[in-house]
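Participant: Sequence plus predicted model, see below.
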Amino acid sequence: MTRWIGLAAACAATLAAAPAAAQTMQQEPQAPGYAAPNLRLPPRDAHGDYLTPNRELTGHNAFWNLRIALNVAAIGCRHTGSLQLISDYNGIIARHGNLIRAAETTVIARTGVAARDKLSTKLFNYFAQPPAQKEFCRVAGSIAQQVNGLSSVEAVALAPAMLEQIDRPFVEFYHAYARYQVDLAAYQAQRGYQPRTEPGIQMAAAKP
């Protein structure tokens, strides 16, 4: 009996010392939010943060981007609470009309009319990205309600922080998609798959 106990202990020690077998993925990873499999994410800065078009904006510039985000939400979000979002957005247009015009004037002075139009189109497409819409709409509803209850001075002061909040669903999607790309590459490597080079769908970055 002692001999068998010693043999079992030796076998257990051998197994414990052996390297673990490589873990294999049984199913191909799926892109988050049913996203396309060939997205090209925005570049990152030295800290690993994505360079979205909403980074490091202040004052009227931040409010302009925020207003476009809420416009996209009012047009496209259809969820519980979307009627309130639409009502709040209409209230923002009525309450902050002078602020919206001042923000537009600031953007035009900084970039010009043509660049303003290009930026606006880029922002509409950015905020309409389907994979992030569920969380975007939820956040947009909360922010629209806040902005509708602020004075114009308060709205400008708080615009950068609110813009960061409304940008977060897209940044979180980018991080999830980056993890998916790593998992997909590992899955393909396990199977000796040689990926074809195909043009990717470029996501909006900070520069126009």
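Facilitator: Done, it's in.
Participant: which stretch of helix or strand covers the spatially most central residue of the chain?
Facilitator: Closest residue to the average C-alpha location of the chain: residue 170 at 1.0 Å, with Cα atoms, centre = their mean. Residue 170 belongs to helix 152-190 when assigned by DSSP states H and E.
Participant: Flag every buried residue along that helix.
Facilitator: Neighbour-count burial for helix 152-190, counted by 16 or more other Cβ atoms under 10 Å, picks out 152, 155-156, 158-160, 162-171, 173-174, 176-178, 180, 184, 187. Backbone N, C-alpha and C define where each C-beta goes, glycine included.
Participant: Could you do stretch 34-42 as well?
Facilitator: For stretch 34-42, a neighbour-count test (16+ other Cβ under 10 Å) marks 35, 39, 41, 42 as buried.
Participant: Now do the phi/psi pair for the second one.
Facilitator: Residue 39 has phi and psi values of phi -70, psi 150 when expressed as degrees, to the nearest 10.
Participant: How about the third one?
Facilitator: Dihedral angles of residue 41 (phi, psi; degrees, to the nearest 10) stand at phi -70, psi 160.
Participant: Touching, it and residue 180? I think so.
Facilitator: No: counting by Cβ atoms under 8 Å, residue 41 does not reach residue 180; the two are 10.6 Å apart.
Participant: Tell me how many other residues surround residue 149.
Facilitator: 13 (other Cβ atoms under 10 Å).
Participant: I meant residue 30, not that one.
Facilitator: 12.
Participant: Now residue 36: phi and psi?
Facilitator: phi -60, psi 150.
Participant: Next one: it from residue 177, what distance?
Facilitator: 10 Å (Cβ to Cβ, to the nearest Å).
Participant: Would you agree residue 123 is in contact with residue 69?
Facilitator: Yes: Residue 123 lies in contact with residue 69 (Cβ under 8 Å); the separation is 7.3 Å.
Participant: So which of these two has more stuff around it?
Facilitator: residue 69 (26 against 21).
Participant: Surely the more buried one touches residue 124?
Facilitator: No: when contacts are counted by Cβ under 8 Å, residue 69 is not listed as touching residue 124 (9.3 Å).
Participant: just the helices in the chain please.
Facilitator: 2-17, 59-76, 82-95, 97-111, 113-127, 133-148, 152-190 (DSSP state H).
Participant: Save those helices as TSV, and put in mean pLDDT too.
Facilitator: Formatted as TSV, the helices of the chain follow (pLDDT from 0 to 100):
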stretch	mean pLDDT
helix 2-17	44
helix 59-76	97
helix 82-95	96
helix 97-111	95
helix 113-127	95
helix 133-148	96
helix 152-190	96
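Participant: I'd like to know which of those is closest to residue 26.
Facilitator: helix 152-190 (9.4 Å; Cβ to Cβ).
Participant: So which elements touch that closest one?
Facilitator: Here helix 152-190 touches helix 59-76, helix 97-111, helix 113-127, helix 133-148, going by 3 or more Cβ pairs under 8 Å, 6 or more residues apart in numbering; DSSP states H and E.
Participant: Done for today, thanks.
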